[in-house]
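Undergrad: Give me a model of this one.
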Amino acid sequence: MSYIMADVYLKALGAAREVGRSAILLGVEGKLILLDYGVSIEGEEPQFPLPVPPKGIHAVAISHAHLDHSGAAPLLYVSGQPPLISTPLTATLSDLLIKDFMKLSKYYIPYEAPEVEKMLESLVPLGYGESYDIGSVTIRVLDAGHIPGSAMIQIETPSLNVLYTGDYSLHDTCLLRGAGISEFSKADVVIMESTYAEYDHPPREEVEREFVKTVLEVVEDGGIAFIPAFAVGRAQEILCVLAKYDLQVPIYVDGMARTANDLIAEDSHLLREPSLFKKAVEMSTKVKDWDHRKKILSKPGVIISPAGMLQGGPSEYYMEKIMENEKNAVIFVSYVIPETPARQVIETGIYASPTKRGPVKARIEWFDFSAHCGHSELVKTLDSAKKGSKVVLVHGEEEAAVKLAELSVKAGHETFVPRLGEELNLKV
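TA: Numbering: from 1, shown residues only. So this is what the prediction gives:
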């Protein structure tokens, strides 16, 4: 195979000039390592990465639990059983999200529960800084600062160092510390995300203050502040922000975020301030059932519930109930994916679900609580990387990734923006 002849062989199976379905096949020292295997859920039906024969893979490393990085991984266990490398929390959260994906998908998913179980049975759990050896190849996980349990993947041989960032963030949030940058200076090859290559996020403290001010205005005026949020990562961040500012208002958590809170609490040592998360959970109330949902809509308060895009989960129910009252607000706190009900609300003021359609009279707000690097942090990464190292840009829209590649070249790196299915044979 061609990967045996190169110092580093790389094939982009997904996230090539696009955001989502991350999947990078890496060959070093005669070993094939799959870095993430995710699914894109942006379109009408799920988009899977390019196929890869599982029996030829020596290890699968999952950077974090979000479906665009983990959602296709069970496919690899239909006919194979490669070791699965991730942090323990990534494994448990992936299990949660994948099973929910299977349950809610209206389309055929090419794996079933036995493959998910087989995947988890193959787990090699690694804490930050810990490693796993495959012959002369060492795979190590490092804190990525993206969501709880997220990791950058470092692959080392006696003569080579490759660093895959997955999704990462250099800035601190209420929930997590930002990733360290020192390992970039050691890497011969850096495979990095370019999601926000053209955009800098506003200062986090400023975003937090404006968000809290908005929530208080709504609740004190007798309304419901409804916050659709991703179950893993964003829901916990929002809870921590509310706890940091000590909001003395009713706060409710619904949907899969309830289970995610419990799983993350078991690994709270990974968080920036475990005591703040504990306070945040204690300040909030789990929504128990449908009767409870109806009851909490009868008085002012804050409701945090998946799905963040208003597709599935209890968020559809809450949106239908709060949208026609001007005292209420729907407050988006995540990237809003195109062609979703959430994006339509922001762009047109119209909400459409399977059971209701109409103008949103409630206040509509959006706040940038991103857990990705912005433009300046990506540039900082490139400036910190080893001079003469190779840089491969993935997980970014084509125009943004190509512009970042120009800056990477100026910083002294041979840079690649692979297309889907493209193979790179890198000499370092």
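
Undergrad: shouldn't residue 258 be in contact with residue 289?
TA: No. Residue 258 is beyond contact range of residue 289, at 11.7 Å (criterion: Cβ atoms under 8 Å). All C-beta spots, glycine's among them, are computed from the backbone N, C-alpha and C.

Undergrad: Tell me which of these two has more neighbours.
TA: residue 258 (20 against 8; other Cβ atoms under 10 Å).

Undergrad: need the contact list for the residue nearest the centre of the chain.
TA: Centroid-nearest residue in the chain: residue 66, 4.5 Å away (criterion: Cα atoms, centre = their mean). Counting by Cβ atoms under 8 Å, 6 or more residues apart in numbering, residue 66 makes contact with 38, 97, 147, 167, 230, 232-233.

Undergrad: Swap in 10 Å and give it another go.
TA: Shown in contact with residue 66 (Cβ atoms under 10 Å, 6 or more residues apart in numbering): 20, 22, 36, 38, 90, 93-94, 97, 146-147, 150, 166-167, 230, 232-233, 371.

Undergrad: Please apply the same query to residue 245.
TA: Each residue near residue 245 by Cβ under 10 Å, 6+ apart is listed here: 174, 208-209, 211-213, 215-216.

Undergrad: Return the subset of the residues you listed lying in helices.
TA: In helices, defined here by DSSP state H, the members of the contacts of residue 245 are 208-209, 211-213, 215-216.

Undergrad: Top of these by number of neighbours, please.
TA: Among the ones in helices among the contacts of residue 245, the one with the most neighbours (other Cβ under 10 Å) is residue 215, at 25 neighbours.

Undergrad: before we move on, which element is the residue nearest to residue 174 when sequence neighbours are not counted in?
TA: Nearest residue to residue 174, sequence neighbours excluded (Cβ to Cβ, 6 or more residues apart in numbering): residue 240, at 3.8 Å. For residue 240, the host element (DSSP states H and E) is helix 234-244.

Undergrad: Secondary structure element holding residue 154?
TA: Going by DSSP H and E, residue 154 is in strand 151-157.

Undergrad: Pairing partners for that strand, with directions?
TA: strand 137-143 (antiparallel), strand 160-164 (antiparallel) (DSSP bridges).

Undergrad: ok, now which ones touch residue 90?
TA: With Cβ under 10 Å, 6+ apart as the criterion, the residues that contact residue 90 are 62-66, 69-70, 84, 123, 125-126, 141, 147-151, 232, 267.

Undergrad: mind running it again at 6 Å?
TA: Residues in contact with residue 90 (Cβ atoms under 6 Å, 6 or more residues apart in numbering) are 62, 64-65, 149.

Undergrad: Quick check: closest non-adjacent residue to it.
TA: Leaving aside its sequence neighbours, residue 90 sits nearest to residue 149 (Cβ to Cβ, 6+ apart; 4.2 Å).

Undergrad: quick one: secondary structure of that neighbour?
TA: coil (DSSP: H, G, I helix; E, B strand; the rest coil).

Undergrad: Make 292 the starting number, not 1.
TA: With 292 as the first residue, the last one maps to residue 440.

Undergrad: Identify the residues contacting stretch 472-490?
TA: By Cβ under 6 Å, 6+ apart, the list of residues contacting stretch 472-490 from outside reads 299, 310, 451-456, 458, 663, 665-666, 669, 672, 675-677, 680-684, 686-687, 691-692, 695, 719.

Undergrad: quick check: mean pLDDT across it?
TA: Throughout stretch 472-490, pLDDT has a mean value of 96.

Undergrad: Okay, now that stretch: how far is its last residue from its first?
TA: In stretch 472-490, first residue to last residue: 20 Å (Cα to Cα, to the nearest Å).

Undergrad: now, the most widely separated pair of the contacts of residue 381?
TA: Spanning the widest gap among the contacts of residue 381 are 353 and 440, at 9.8 Å by Cβ to Cβ.

Undergrad: got a list of what the residue nearest to residue 381 touches?
TA: By Cβ under 6 Å, 6+ apart, the residues touching residue 440 are 378, 380-381.

Undergrad: all helices of the stretch 342-491 of the chain, in order?
TA: According to DSSP state H, counting those that start in this stretch, the stretch 342-491 of the chain carries its helices in the segments 358-361, 379-395, 404-412.

Undergrad: what angle do the last one and helix 379-395 make?
TA: I take that to be helix 404-412. 170 degrees (axes from the mean of the first three to the mean of the last three Cα atoms, to 10 degrees).

Undergrad: which other residues reach helix 404-412?
TA: Contact partners of helix 404-412, identified using Cβ under 6 Å, 6+ apart, comprise 364-365, 368-369, 375, 389.
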